[in-house]
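Asker: Here is a sequence with its predicted model. Questions after.
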Amino acid sequence: MLNVKLTKIESTHNNLRTNEMVGKTGSIPEKDYDIIVFGKGIEFSTRVIQTTVVQESNYDKETKTFTFKTQNSTYTLEILDKTLTDEEIFSHGKYKP
């Protein structure tokens, strides 16, 4: 599992109910796949966030951050463990429902 920070940049709906969440994920955002993040939002207890299918995903090697779009939203997913190599990050699975 990767330790991550999920940040909502923009959205046409309010499912995340917070702009930022720290948690864990077993997958990375890849086109045509969903992503699930287990974590805790600022205003509430433990939550599970599952996005709809990722339509576009970009990775910034310097910051170890993905920026990805779904049908209704744009997010960043920052890998918090900066000691991981890109190969280790990309070795995590992809989630397809």
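Answerer: Okay, I see it. Numbering: from 1, shown residues only.
Asker: Quick check: phi and psi at residue 87.
Answerer: phi -60, psi -40 (degrees, to the nearest 10).
Asker: And residue 88, by the same measure?
Answerer: Torsion angles, degrees, to the nearest 10, at residue 88: phi -70, psi -40.
Asker: Name all residues that make contact with it.
Answerer: Listed by C-beta atoms under 8 Å, 6 or more residues apart in numbering, residue 88 has no contact partners. (Each C-beta comes from the backbone N, C-alpha and C, glycine too.)
Asker: Which pLDDT value goes with it?
Answerer: Looking at residue 88, its pLDDT is 91.
Asker: quick one: it from residue 63, how far?
Answerer: 16 Å (C-beta to C-beta, to the nearest Å).
Asker: Residue 10 now?
Answerer: Using C-beta to C-beta, we find residue 10 at a distance of 19 Å from residue 63.
Asker: And those two? Which one has more around it.
Answerer: Per other C-beta atoms under 10 Å, whichever of residue 10 and residue 63 has more neighbours is residue 63, with 12 against 9.
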